[in-house]
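>>> Show me the folded form of this:
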Amino acid sequence: MDDEVFGQLGAGGPLDAAAVETRVEELLAAMTLDEKVKALSGDGPALRGNLEMARRYNGTPIVAGAVPRLGIPGIRFSDGPRGVVMYRSTAFPVPMARGATFDPELEERIGDAIGVEARAQGANLFAGVCINLLRHPRWGRAQETYGEDPHLLGEMGAALVRGAQRHVMACVKHFAANSMENSRFWVDVRVDDATLRDIYLPHFRRCVEAGAASVMSAYNQVNGEWCGHHGYLLGKILKEEWKFEGFVMSDFTFGVRECAAAVNGGQDLEMPFLWRFKPLRRLVEQGVVSRERLDDAVRRLLRMQVRFAQRGEPDRYRREAVAGAEHRALAREAARKSIVLLRNEEIRWSDGDGAPLLPLDERRVRRLAVIGKLAAARNLGDLGSSRVRPPSTVTLLDGIKAAAAARGMAVEIDDGERPAGAAALAASCDAVLVVAGSGARDEGEWIGVTGGDRRSLRLQLREERLIARVARANPRTGVVLMGGSAFETEAWIGSVSALVMVWFPGMEGGHAAADVLFGDHPPGGRLPCTWARAESQLPPFRRFARRVEYGPLHGYRMMEAKSSLPAFPFGFGLGYTTTTLDGHRIAEVAGAAEGARRVTVAVEVANTGTRAGVEVIQVYVPEALGSDAGPLRTLRGFQRVELAPGERRTVAVTVQVPPAAERIWVGTSSSEDDLVPLAVGG
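Model (predicted):
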C-alpha cells in the first residue's frame, strides 16, 4: 500500500530536513513545464468526476498532481472531520462532541486512528481538521468544528494534526472566517484586522505551528476578496508571517474563481479537478504568473509529499484495522466523554425517596419508556462532505435496550408521532426518556434539500409539544438531545427532570449514551459553546446574507459584555458525584512584571461523592480582543481531570497573562458564579 500512497518518495529510508529539500529540488529540476502545471490541479476529468462525486463523494482517494514518470504519487485526498469518508470507515463523534471532551490527548488518539485508516485505504492526506469558529450556533456545519472559543479550537485542532500526521498529511480548513453555510459561496465577510487576527485566525496559527502540511482556503470573501485568491490571508499572513512551509489547496470546485488571481494570491492547488487553472501554462508563458511562483507552489506540494513519505508505521496499515475493535472502542470512549449532563433534578420516586432521575437505577425503574423517532435513527450527522459510512451503527435505542436487558429492565418504545399515545405510555412507566433534536435534514452541509443553516435554535414545535405532554403524564421524564450545537430550551426545560446532550455521537453512540444514562461511566462532557436563553442574546444571523459584519463579540465574551445570563454557560456540565475545588493559588510566575507573564495556577480537586467524576478546570484571563476595547474573561488554559470516589488531586494549568492584568480566574465554566479570582499583580 505504501508504494501506492507515496510512490518512490519513501525509498532509501528517513531523510533529515536538508535531505528532504535536496530531493525536492532534484524532482523539481526533473519536471517539465507541463508536469509542473499539472501538479497544481486534481488529476481526474472534471465533468465525469463531478458526476461521480454527486453519486458518492470521495468514495476513493481523490488524486492531484501525480507524476508517475518520477514516482510522485500526488496528493491522495480523503475527507473528513468525523472519520475517513472513503469506503466503510470508523464514524467517530462529530468534532463538536469531541470539543465537549476538553481532552486534546483523546483527540490526538482519534487523529492517530484516522491517519491509520486513511493510509490503509490509499490516502496520503486527511482533510478533516475543521477549526472554523462557531460565531453563531445556527451555523449548519457547527458539528464539524470544536466550538466557539479560539483557544479550545487551536488546542483540539493541533492535537488532531499531531495524531493524523504520524501517518499522513493533515489539511486544516476553511481559511478563513467561514461560519455560514447557505451563503458560503458568495457571502462577503467584513471584519476589521484586529478582530480577524485576534478571534478568527489564532487557532489556524496554532495548527500551523503544530506542523500542519496543508491549509484549505474557504469559499467566502473576506473584505471583498475571495479567500481562494486572498493575497493578504494566504501570502502575507499564512506564508510570510507564520512561515508556513506547506501548501494551500482550494475548497472544491468553486474555491477558485480566476486562475491568475488565485495563483498570484498564494493558491497552490485547485481541487478536486482542473477547471479554473486551465489557462495556467499560457499565463506562465506570458509572464502573468511568474515561473518563480509556479515553482514555489510545486515545491510546497513536493516538500510535503517527500517529508511524509518518511513517516509511518507500516505494520498498522491493514484493512482489518479499519473500523476494527480498537477503533470502535475509541469511538465509544470519545462519545461517552463528550456527553453533557445539563439538568438532573431530584424527584420523588414510588418508594417515597427523593433522588435524581439519572443515572437510571434498576431498583426504581422496572419499565422505561423511550419516546421519539430519533431514538431509533442512525443519526451520525450531515450527509455532505463529512459523511462517514461505517459498517454498522449502534442507535440510542440499540444501546439503551442492551443496557436495560442486562439489568432486567423492560423498555417500551413509541416514536412520538401520536402524542396522546406517547403520553399514555409514559404514564404507565417508571421513567421516561424523550429523544429529540436535529438530523441531516435540519442542519449540515447545504446540499439543496437537506442540511444548511438552522432556521431556529428551538426544537420543532411538535417536539416541544411532545415533551410537554409526556412530562405532564410522568414527572420522571428526561430529555436526550441530539444535534451539532446549542438548542434553545426555555419553552420546556422547566417541565423535565433531566437533560442530556449527546450530540451526533458516532457509530458506537448508542452504547456510549447507555454507559452514561445507566451510570456505568460519568457524564464527562462540558459545553464547547454557549447555550443562550434566546437568540436576542447572540450576534445577528441571516441564512442567505450577501454581506455580513463580523464583530469582536460572540459566545461567552458577548454574554459578559452585555451582562447577559445564558441558559447554560460555556464550559458547563454536571456529574453524578460531588466535587470540590479549594486551595486555589498562583504557583509560579515567569516573566517580567512589565511584559507578558506565564502564570501557573494550581487548584486542589476532590471527588467527595461515591461515584467516579470528571471536572474540567478552566483558567480565564482578562483580554481585550479585536476592536472591542474592554478586557473580558477569555479562556487561556484548561485541564480535564477524572477522579475516582474519594480521590483528591492537584491540577496545574499554565497560561499567558497580559502585562496589565491584575487578576485571573479559575473554575469550572465561564460563568462568574463558577470562577474564583486570583491576584497576579500589575
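>>> quick one: secondary structure of residue 93?
coil (DSSP: H, G, I helix; E, B strand; the rest coil).
>>> Please tell me how far it sits from residue 175.
24 Å (Cβ to Cβ, to the nearest Å). C-beta here means a position set from N, CA and C on the backbone, and glycine is covered the same way.
>>> So the two - more neighbours on which side?
With neighbours defined as other Cβ atoms under 10 Å, residue 93 and residue 175 compare such that residue 93 has more, 35 against 26.
>>> That one touches residue 503, doesn't it?
Yes: assessed by Cβ atoms under 8 Å, residue 93 is found in contact with residue 503 at 6.1 Å.
>>> and for those two, which residues touch both?
Residues touching both residue 93 and residue 503 (Cβ atoms under 8 Å, 6 or more residues apart in numbering) are 335, 338.
>>> Please compute how far stretch 392-401 lies from its chain's middle.
Here stretch 392-401 is found 23 Å from its chain centre; the criterion is Cα atoms, centre = their mean, to the nearest Å.
>>> Quick one: end-to-end distance for that stretch.
Start to finish, the residues bounding stretch 392-401 are 17 Å apart (Cα to Cα, to the nearest Å).
>>> ok, now stretch 471-480?
With Cα to Cα as the measure, stretch 471-480 spans 13 Å from end to end.
>>> which other residues reach it?
Counting by Cβ under 8 Å, 6+ apart, 347, 349, 357-358, 369, 375, 396, 423-424, 426-427, 429-436, 467, 470, 492, 495-500, 502, 513, 517 sit against stretch 471-480.
>>> quick one: which of those sit in strands?
347, 369, 431-436, 498-500 (DSSP state E).
>>> Show me which of the residues you listed is closest to residue 644.
Residue 644 lies nearest to residue 500 out of those, by Cβ to Cβ, at 22.7 Å.
>>> distance of the residue nearest to that closest one when sequence neighbours are not counted from residue 667?
Excluding its sequence neighbours, the residue lying closest to residue 500 (Cβ to Cβ, 6 or more residues apart in numbering) is residue 480, at 5.0 Å. Per Cβ to Cβ, residue 480 is found 27 Å from residue 667.
>>> What of residue 314?
Distance, residue 314 to residue 667, using Cβ to Cβ: 46 Å.
>>> Look at those two and report which has more neighbours.
residue 667 (22 against 11).
>>> Nearest residue to residue 189 in space, please, no chain neighbours.
residue 177 (4.4 Å).
>>> need the longest helix for this protein.
helix 291-309 (DSSP state H).
>>> next helix or strand past it?
Downstream of helix 291-309, the next assigned helix or strand under DSSP states H and E is helix 325-338.
>>> Please work out which residues outside the helix or strand that that next one is followed by touch it.
Under the assignment DSSP H and E, the closest C-terminal helix or strand after helix 325-338 is strand 340-344. Contact partners of strand 340-344, identified using Cβ under 8 Å, 6+ apart, comprise 100, 356-358, 493, 496-501, 516, 523, 525-527, 531, 568, 572-576.
>>> where's strand 340-344 relative to the chain centroid, distance-wise?
Computed by Cα atoms, centre = their mean, the chain-centroid distance of strand 340-344 equals 21 Å.
>>> average pLDDT across it?
Strand 340-344 carries an average pLDDT of 98.
>>> just stretch 397-417 next, same as before
Summarised as a single mean, pLDDT over stretch 397-417 is 97.
>>> how about that stretch: buried residues?
Across stretch 397-417, burial judged by 16 or more other Cβ atoms under 10 Å covers 397-401, 403-404, 409, 411, 413-414, 416.
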